[in-house]
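S.K.: 3D, please:
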Amino acid sequence: MNKLKAAALLTIFVALLIFFTGCGQSEMFSKNQPALKVGLLLDAVGRGDGGFNDAAYNGLLMAQDKFGDAIETTLYEAKDANDLEGELRKAAQNHMDLIIAIGYFFTEPLKKVAADYPQTKFVLIDDKIAGLKADSNITCVTFKDNEGSFLAGAAAALKSQSGIIGFVGGTDNPVIKNFETGYTAGALYINPDIKVLINYVARGNIGFNSPDLAKAGALEQISNGADIIFHAAGASGAGVFEAVASQKKLAIGADIDQTYIVPEDQRAYVLTSIVKGIDLAVLAIIECRLDNNLEGGYLDLGVKDGVETYAENEINKNMLSDIKSQLDEIKNKIANGEITVPVY
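M.R.: Alright, predicted model coming up:
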């Protein structure tokens, strides 16, 4: 684990400690106790999206590496949107001790299944279920996507030559609208006269798995003057990267450092990515459950928790060098409350 991830993991554990009493503080799991059975459920887009689902799966791999035989993991991948409840029930029927569901598409199915299995611990990542208490068997972990997107908007505005930038969202819903809201606010913070073009790929899950549609939307924005495009579109984002590379413009990725998931000839056109920390959250939640201190309720992670930050790597560091100090200043101001990022 690199130093950046280690630092972010530490801050996430601090947040867990605040929200879930005693997490990380009591005696760690006994070597004599049975292995903790952990089920990770990915949405219908699944592995290979180069973002949200892959980050969650990486968190599971990190947990396997860290905890070894203390955990027994099973990956559940839904075939389509109608298969989500079935996969949740399968995991519960398989007597998982901890079931982690990735993405807001699981929200309604999880409410039903968790009610039928009150002794099972469920974690929903990236959405909230109302009315949870400490003794609930559901924990909701969300991310302040508006804060990370604010950094994306600031970076885009700082680097734009045309004064026109773009946003491509997977589907028009409150979660992705939060990305759009933060992105627009960050751009306007830098340049009150900047123009932000908005496209959404499609309705429902298809919006996150249609790179051709995302490419068409990105090319339309470029034809209208956009020289930097931020996507929050899952696997559809591949189309955005293809579009900007073909026109020698720039893109900003989401969820993980996407510089290294695009083809090599496109990497020079990835300005940065907004790293969400899903992998670190999955790892921290599993450790908290191992420590038997995972309570029901809510955990909302943002810039001050070491997640929702911009990615810097060997390929993009030169592109970021002239704006890095400004981005870091903005990060600090968000963390200490000097900048309040609007929420959709």
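S.K.: all helices for the stretch 101-250 of the chain, in order.
M.R.: 107-116, 145-159, 174-190, 211-223, 237-247 (DSSP state H, counting those that start in this stretch).
S.K.: how about those helices in JSON lines, adding mean neighbour count?
M.R.: Quick note: C-beta positions are derived from backbone N, CA and C, even for glycine. Output for the helices of the stretch 101-250 of the chain, formatted as JSON lines (neighbours: other CB atoms under 10 Å):
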{"stretch": "helix 107-116", "mean neighbour count": "16"}
{"stretch": "helix 145-159", "mean neighbour count": "27"}
{"stretch": "helix 174-190", "mean neighbour count": "22"}
{"stretch": "helix 211-223", "mean neighbour count": "21"}
{"stretch": "helix 237-247", "mean neighbour count": "24"}
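S.K.: now the ones you listed in JSON lines, with mean pLDDT and distance to residue 296?
M.R.: Formatted as JSON lines, the helices of the stretch 101-250 of the chain follow (pLDDT from 0 to 100; distance: least, CB to CB, whole Å):
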{"stretch": "helix 107-116", "mean pLDDT": "97", "distance to residue 296": "10"}
{"stretch": "helix 145-159", "mean pLDDT": "98", "distance to residue 296": "23"}
{"stretch": "helix 174-190", "mean pLDDT": "96", "distance to residue 296": "21"}
{"stretch": "helix 211-223", "mean pLDDT": "98", "distance to residue 296": "37"}
{"stretch": "helix 237-247", "mean pLDDT": "98", "distance to residue 296": "33"}
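S.K.: can you list those helices in TSV and add distance to residue 202?
M.R.: Below are the helices of the stretch 101-250 of the chain laid out as TSV (distance: least, CB to CB, whole Å):
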stretch	distance to residue 202
helix 107-116	20
helix 145-159	20
helix 174-190	12
helix 211-223	6
helix 237-247	12
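S.K.: Local confidence estimate at the closest residue to residue 313 other than its chain neighbours?
M.R.: Nearest non-adjacent residue to residue 313, counting by CB to CB, 6 or more residues apart in numbering: residue 259, 5.6 Å away. Per-residue pLDDT puts residue 259 at 96.
S.K.: Tell me how many other residues crowd residue 259.
M.R.: Residue 259: 22 surrounding residues under other CB atoms under 10 Å.
S.K.: Doesn't residue 53 belong to a strand?
M.R.: No. Using DSSP: H, G, I helix; E, B strand; the rest coil, the secondary structure at residue 53 is helix, not a strand.
S.K.: How many neighbouring residues does the spatially closest residue to it that is not a sequence neighbour have?
M.R.: Spatially, and ignoring its direct neighbours in sequence, residue 53 is nearest to residue 42 (4.6 Å; CB to CB, 6+ apart). The number of residues packed near residue 42 is 24, by other CB under 10 Å.
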